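J.: how would this look folded up:
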Amino acid sequence: MNLERLLLKLRWDPPQRPLYRLLDRLRKRHTNPRRRARWSNVRPTAPHELSVQPNLNAVQRIWPGAADREWIKNAAKRWPADHAEATRRATDAAAGRFDLLSSGITDVRDPTGHIRWHTDFKSGATWDHTRLHLDVPICLPDEGSDIKIPWELSRFQHVFAFIWTETANRYSDVFLEQWNDWLRANPLARGTNWACAMDVALRAISWTVALAAWGEQWDEPTRRRMWAALYDHGRFIRDNLEWITGPRTNHYFSDIVGLAVIGASLTPLPQARAWTDFAAAELRREILAQFATDGFNKECSTTYHRLMLELTTLGYQASRCAGADLGPKVRDRLIAAYRALQVLCDSQGHVPIVGDNDSGRVFPLAYRDDTYMTHLLPLGAAILDADELRGPASSPEVALLCGPAALDPTEHQSRDGKLTTTAGHALQSSGFFVLGNDADRVIVRCGPLSYRPTGSHRHLDQLTINVTVGGLPIIVDPGQFCYTPWPDWRHHFVADENHAGLTIDDQPQCRRFILAHGAFTIIPEDRPTCLSYDPGETNASFAGQHRGYERLTGGAPHRRELRYSTNPSTWTLTDRLPLRGPHRLRWNFCLHPQVTAQQISDEWHLCRGASTLVLGCHGPARRSSHLAESWYAPAYGTKLATHALIFELASNGPVTAEFIMTAHIQETSP
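T.: Alright, predicted model coming up:
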């Protein structure tokens, strides 16, 4: 047994950071040569080499809505917008045209008609497809090249558009043609698309849904080749787990979910049973470790919470189909994860983009905005038999994972999925505090920036706010444009001066060390504390502070108080800073690109459609305010020009500043 597997067996999770960094280096030094020797001359498994041939019943239990697609006949009527967009994307994908990570519709075929599986077709950069997976560079020398583009293409997630937009199985042959082309161009363990075990897992997941949908019409040799390819994906993942000493991430979680799905799909193969047992044991541990007690994912990003929720739901489903019960504690934590989503969803079903966002999905039947997440609530209700999670309508994801019978026949009468009628809700362990109702709300951040020594997906956004009026975002987080292609842009969107918060002397809340290719590590100097939170029937209040600016000469803690009252929805934001000596203070409110701002007297009117937020500063008289150019990223690979409303102040001593924000909705004539 090698060192990595020994630590896995011992459930090694040491709290001493210097120790586990040393162990991580020793682990890599020990395992990589062995792994290199195992995979350098590996050959793919031949179909006849499988000791037992699996059957389709196993994979069809995981994806009952792919096996029984009678529900598709009414899909266009039931979800017209989602179905129309999926149909368009399916038609394009069948012709070799893809829109991935904001690329725009692009023909990804070469002159011979083969798909360019190793190319970032946004920049034109191409990775060497003959390199062993351990030697593939994540970043090429040319700035702007993004390995996520070929990874995204090779996830084969366009198959989800294929399976629910037609009933005549015309996309079965298209899938097989693309699948054979991929196998030809991507030898086992070589090239870009084997460099990340997470993407290997997501690709295998997509292939299993194709097998569930069309396996019965394929001939026996094709089915056996698919089972052999899935077996190779399983043994590759098991030997290349993205496990680290210390807290794990969504990458390792994807690996074990992939093993759970592959193992459940290849039943009764003996090796598959070992994978499902291992995956179930790890899922029990990682679900409780990677989701806080309030249900929110510890990556500290709203869109990564959605990704992890999809992964956890699928892992739960696959384990159950394989006969592995994850237990009541896991079910309760998964319900809490869905409840956390309820807390953050507004009246339109949207959640603000807080932290990183790579637009990652697991089973994207519909192509929705990255902020739209309420469609997952009815899925959680069906999978977990938890009626309190049911949203205002069923979603196609419910049919896919639970079968057509799980669709609500009277969806317009379903429970609305709302929480209580109090004027606020909180995820206190994770640091999200909501003041307001479903339509008019402020979400303030006061919680951990990272649970890992190296980054995670949190931004420097302590005590920042997101403001929604009438279901429309007005003041927003900037989102995340990219990771490795442009490191300067990566750090721009992480920096606190671009969030809706306060900076002093142009210094960050926490210092961070820039590592390689956009990676960074945060020094936890902020030490956030929620001092009080009180949601009532018509009013709510919050008080919190962080201590990141105590390190400055004459610095002090930043204390922020918020009070909310109804009729009309009004928030009073008060910042208290017992500073000493001269300092420059800068309040930044990043505006949604569709917001127009106009200064009237001492107030700013921030308007979007019928929704208006009137913002006035009642703090020191020496302040100034103006609009500045800024950026907002609604999805990975997209950045939109917008404005930020800036308030500046040169102080000499303690500062107390008060901002009054009032929501107004313009009434429309009947």
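
J.: next SSE downstream of the helix or strand containing Arg284?
T.: Using DSSP states H and E, the element containing Arg284 is helix 270-290. Next along the chain after helix 270-290, taking DSSP H and E as the criterion, comes helix 302-321.

J.: what's that next one packed up against?
T.: Here helix 302-321 is seen to pack against helix 56-62, helix 250-265, helix 270-290, helix 328-344, helix 376-384, helix 396-402 when contacts are counted using 3 or more CB pairs under 8 Å, 6 or more residues apart in numbering; DSSP states H and E. From N, CA and C alone the C-beta is placed, and that goes for glycine too.

J.: ok, now with 7 Å
T.: helix 56-62, helix 250-265, helix 270-290, helix 328-344, helix 376-384 (3 or more CB pairs under 7 Å, 6 or more residues apart in numbering; DSSP states H and E).

J.: show me the strands in the stretch 1-150 of the chain, by range?
T.: Secondary structure of the stretch 1-150 of the chain (DSSP state E, counting those that start in this stretch): strands at 97-98, 106-107, 119-120, 125-126.

J.: now the ones you listed as TSV including distance to Ala84?
T.: Converted to TSV, these look like this (distance: least, CB to CB, whole Å):
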stretch	distance to Ala84
strand 97-98	17
strand 106-107	21
strand 119-120	29
strand 125-126	33
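
J.: among the ones you listed, which is nearest Thr566?
T.: Nearest of the strands of the stretch 1-150 of the chain to Thr566, taken as CB to CB: strand 97-98 at 46.9 Å.

J.: list the buried residues in stretch 368-375.
T.: Arg368, Asp370, Thr371, Met373, Thr374, His375 (16 or more other CB atoms under 10 Å).

J.: rewinding a little: output the helix holding Arg284 as PDB, nothing but the C-alphas.
T.: Backbone C-alpha positions of helix 270-290 (Å, rounded to 0.1, in the frame of the first residue of the first chain) are rendered in PDB as follows:
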ATOM      1  CA  PRO A 270     -16.300  -7.000  -8.900                       C
ATOM      2  CA  GLN A 271     -14.100  -3.900  -9.200                       C
ATOM      3  CA  ALA A 272     -17.200  -1.700  -9.500                       C
ATOM      4  CA  ARG A 273     -18.400  -3.000  -6.000                       C
ATOM      5  CA  ALA A 274     -15.100  -1.900  -4.500                       C
ATOM      6  CA  TRP A 275     -15.400   1.600  -6.100                       C
ATOM      7  CA  THR A 276     -19.000   2.000  -4.800                       C
ATOM      8  CA  ASP A 277     -18.000   0.900  -1.300                       C
ATOM      9  CA  PHE A 278     -15.000   3.300  -1.300                       C
ATOM     10  CA  ALA A 279     -17.000   6.200  -2.700                       C
ATOM     11  CA  ALA A 280     -19.900   5.700  -0.200                       C
ATOM     12  CA  ALA A 281     -17.400   5.800   2.700                       C
ATOM     13  CA  GLU A 282     -15.700   8.900   1.400                       C
ATOM     14  CA  LEU A 283     -19.000  10.600   0.600                       C
ATOM     15  CA  ARG A 284     -20.200  10.100   4.200                       C
ATOM     16  CA  ARG A 285     -17.100  11.800   5.400                       C
ATOM     17  CA  GLU A 286     -16.700  14.500   2.800                       C
ATOM     18  CA  ILE A 287     -20.400  15.700   2.800                       C
ATOM     19  CA  LEU A 288     -20.100  16.400   6.500                       C
ATOM     20  CA  ALA A 289     -16.700  17.900   6.100                       C
ATOM     21  CA  GLN A 290     -17.300  20.100   3.000                       C
END
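
J.: any weak-confidence spans in this structure?
T.: Residues of the chain meeting the criterion pLDDT under 70: 1-31, 391-392, 409-421, 451-455, 515-519, 668-670.

J.: if we can go back for a sec, which of the helices and strands packed on helix 302-321 sits closest to Asp110?
T.: Asp110 lies closest to helix 250-265 among these, at 29.0 Å (CB to CB).

J.: can I get the strands of the stretch 1-150 of the chain in a markdown table with distance to Ser265 and mean neighbour count?
T.: What follows is the strands of the stretch 1-150 of the chain, written out as a markdown table (distance: least, CB to CB, whole Å; neighbours: other CB atoms under 10 Å):
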| stretch | distance to Ser265 | mean neighbour count |
| --- | --- | --- |
| strand 97-98 | 26 | 18 |
| strand 106-107 | 32 | 14 |
| strand 119-120 | 30 | 23 |
| strand 125-126 | 32 | 18 |
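
J.: for the ones you listed, which one sits closest to Gly263?
T.: Taking the strands of the stretch 1-150 of the chain one by one with CB to CB, strand 97-98 is closest: 29.8 Å.

J.: residues near Glu216, how many?
T.: Using other CB atoms under 10 Å, Glu216 has 12 other residues around it.

J.: likewise for Phe236?
T.: What Phe236 shows, counting by other CB under 10 Å, is a neighbour count of 20.

J.: now swap in Asp128 and tell me
T.: Asp128, neighbours per other CB under 10 Å, totals 13.

J.: just the one 3 residues further on next, same as before
T.: With neighbours defined by other CB under 10 Å, the count for Arg131 comes to 16.

J.: wait, isn't Leu502 in contact with His558?
T.: Yes. With contact defined as CB atoms under 7 Å, Leu502 counts as touching His558 (6.2 Å).

J.: mind listing the shared neighbours of the two?
T.: With contacts taken as CB atoms under 7 Å, 6 or more residues apart in numbering, Leu502 and His558 have Asp575 as neighbours in common.

J.: so Ser625 sits in a helix?
T.: No. Per DSSP: H, G, I helix; E, B strand; the rest coil, Ser625 lies outside any helix segment and is strand.

J.: that older thread, which one's more surrounded, Leu502 and His558?
T.: More neighbours surround His558 than the other of Leu502 and His558, with 28 against 23 (other CB under 10 Å).

J.: distance of that one relative to Arg622?
T.: Plainly put, His558 is 19 Å away from Arg622 if you go by CB to CB, to the nearest Å.

J.: list the contacts of Tyr372.
T.: For Tyr372, the contacting residues are Gly349, His350, by CB under 7 Å, 6+ apart.

J.: name whatever forms a beta bridge with it.
T.: His350 (DSSP bridges).

J.: again with Thr119
T.: As assigned using DSSP bridges, the partners bridged with Thr119 are Thr126.

J.: can I assume it is in contact with Pro150?
T.: Yes. Contact criterion CB under 7 Å: Thr119 and Pro150 qualify, at 6.2 Å.

J.: what number of residues lie near Gln271?
T.: The number of residues packed near Gln271 is 17, by other CB under 10 Å.

J.: just the one 5 residues further on next, same as before
T.: Summarising burial for Thr276: neighbours were counted as other CB under 10 Å, giving 25.
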